[in-house]
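>>> Structure for the following, please:
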Amino acid sequence: MAGTLPPLVEPAAELTKEEVARYSRHLIIPDVGMDGQKRLKNAKVLVIGAGGLGSPALLYLAAAGVGTLGVIDFDVVDESNLQRQVIHGQSDIGKPKAVSAKESIAEINPFVNVILHTEQLTTANALDVFRGYDLILDGTDNFATRYLVNDAAVLLGKPYVWGSIFRFEGQVSVFWEDAPNGQGLNYRDLYPEPPPPGMVPSCAEGGVLGVLCASIGSIMVTEAIKLITGIGEPLLGRLISYDALEMKYREVKIRKDPETPKITELIDYEAFCGVVSDEAQQAASGSTITPAELKAKFDAGENFELIDVREPHEYEIVNIKGAKLIPKDRILSGEALAELPQDKPIVLHCKSGARSAEALAALHRAGFKDATHLGGGVLAWARQIDQSLPTY
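I've put the predicted structure just below:
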């Protein structure tokens, strides 16, 4: 069926004999055919992050015959990635994710040209990186990067496919400010402002069911193929929400919000999203101790209370001996303040330091002026002091 949007990419001049054999199952679908496959061959697609969503997206874009794939990722493969990031394997641990992704793509389809961007995406480089591509796929897990991707795509007039995942739920949509026929909208029409710092846990804090990445990543690739070839009804102006536990897809209509300010330049997105609240930053600035300093307190037999502000299921994975569990939300709501000792210093810790900084600000407000928190959290403790502890 002809699509509701014109094809994004002009067809390549030809398919070789080898390519015809390789893509034959596409070619015999009338809607794709030789013309659609030539458009895929000519397409240049940038995938932001070779992680949870980037992994299946890159594998299937490559298999589909997208001629040029860009990968931007500055991270290295870690063992905790392998539960969901299927483009990497055991032998890739410690290797840059972009390099590992390129090697996997070469195994799947040697006809794909892979361009690596092994730097962090920033306000300074985003426009230069995006400029050479027809389409962008964004599966990043933080709001600062999402707004940066959106604004850069708007400034360059490019469409992008957006996906996000958390625990058992995922969302996908297509944003394109300059879409034809007045259908244009962007991510800020859906989310004008980022949530307050600490409100939405990251995948590292909240977890994600590994296979959810495949469900959402494959929808993202489907949307990319539809946009490139001009078939079907893309998710422009629609958001699909998927709940794996209920096995339900829901659709939400998105409309252009006339109140959305016009995007004219890239900004400081870390500041815009306030990754940690100003109050938490101030609280932590003079009241952070290192793992070595915490160990010295234990060794000296100091009388203090160590409080773990993570969730009970995290405490079960790993904890610091002697720590008392009081989840952050009970401290922020004030209900746990009566359980805190008045007669000895308090040290807070979480997984990596962000949640304990938020809880620390609440304690300082409540009059526990000498409370401190552990910089780097239990992860830093496990890496620097007690290597027998697992990390997560």
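
>>> what helices or strands is the longest helix seen in the chain leaning on?
Counting by DSSP state H, the longest helix found in the chain is helix 212-229. The helices and strands touching helix 212-229, judged by 3 or more CB pairs under 8 Å, 6 or more residues apart in numbering; DSSP states H and E, are helix 33-42, helix 54-64, strand 135-138, strand 160-166, strand 169-175, strand 238-243. To be clear about C-beta, it is placed using only N, CA and C from the backbone, and glycine gets the same treatment.

>>> buried set for that helix?
Residues of helix 212-229 classed as buried: 212-229 (neighbour count, 16 or more other CB atoms under 10 Å).

>>> And stretch 4-18, by the same measure?
For stretch 4-18, by 16+ other CB under 10 Å, it's Thr4, Leu5, Pro7, Leu8, Val9, Pro11, Leu15.

>>> again with stretch 185-203
So stretch 185-203, judged by 16+ other CB under 10 Å, has buried residues Leu185, Asn186, Tyr187, Arg188, Asp189, Leu190, Pro194, Pro197, Gly198, Ser202, Cys203.

>>> Might you report the residue contacts of the fourth one?
For Arg188, the contacting residues are Tyr147, Asn150, Asp257, Thr260, Pro261, Ile263, taking CB atoms under 8 Å, 6 or more residues apart in numbering as the criterion.

>>> pLDDT below threshold where in the stretch 1-150 of the chain?
1-2 (pLDDT under 70).

>>> how about the helices in it?
Remark: helices assigned in the stretch 1-150 of the chain by DSSP state H, counting those that start in this stretch are 17-22, 24-27, 33-42, 54-64, 97-108, 126-131, 143-156.

>>> Need the distance between the two termini of stretch 231-249.
Chord length of stretch 231-249, first to last residue, is 22 Å (CA to CA, to the nearest Å).

>>> now do stretch 326-335
Start-to-end span of stretch 326-335 (CA to CA) is 10 Å.

>>> Then stretch 226-233?
Stretch 226-233 end-to-end distance (CA to CA) = 8 Å.

>>> Could you pull up the mean pLDDT of it?
Across stretch 226-233, the average pLDDT comes to 97.

>>> Likewise for stretch 359-379?
Averaged over stretch 359-379, pLDDT sits at 94.

>>> Just the C-alphas of that stretch, formatted as PDB.
What follows is stretch 359-379, C-alpha atoms only, in PDB (Å, rounded to 0.1, in the frame of the first residue of the first chain):
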ATOM      1  CA  ALA A 359      17.800  12.200  50.500                       C
ATOM      2  CA  LEU A 360      20.700  14.100  52.100                       C
ATOM      3  CA  ALA A 361      19.100  17.500  51.000                       C
ATOM      4  CA  ALA A 362      15.900  16.400  52.800                       C
ATOM      5  CA  LEU A 363      17.900  15.500  56.000                       C
ATOM      6  CA  HIS A 364      19.700  18.800  56.000                       C
ATOM      7  CA  ARG A 365      16.400  20.500  55.600                       C
ATOM      8  CA  ALA A 366      15.000  18.500  58.600                       C
ATOM      9  CA  GLY A 367      17.900  19.700  60.800                       C
ATOM     10  CA  PHE A 368      20.300  16.700  60.500                       C
ATOM     11  CA  LYS A 369      23.000  19.200  59.600                       C
ATOM     12  CA  ASP A 370      26.000  16.800  60.000                       C
ATOM     13  CA  ALA A 371      24.600  14.100  57.800                       C
ATOM     14  CA  THR A 372      26.800  13.000  54.900                       C
ATOM     15  CA  HIS A 373      26.600  10.600  52.000                       C
ATOM     16  CA  LEU A 374      28.900   8.200  50.200                       C
ATOM     17  CA  GLY A 375      30.100   9.400  46.900                       C
ATOM     18  CA  GLY A 376      29.700   6.700  44.200                       C
ATOM     19  CA  GLY A 377      27.400   4.600  46.400                       C
ATOM     20  CA  VAL A 378      27.600   0.900  47.000                       C
ATOM     21  CA  LEU A 379      29.200   0.500  43.500                       C
END
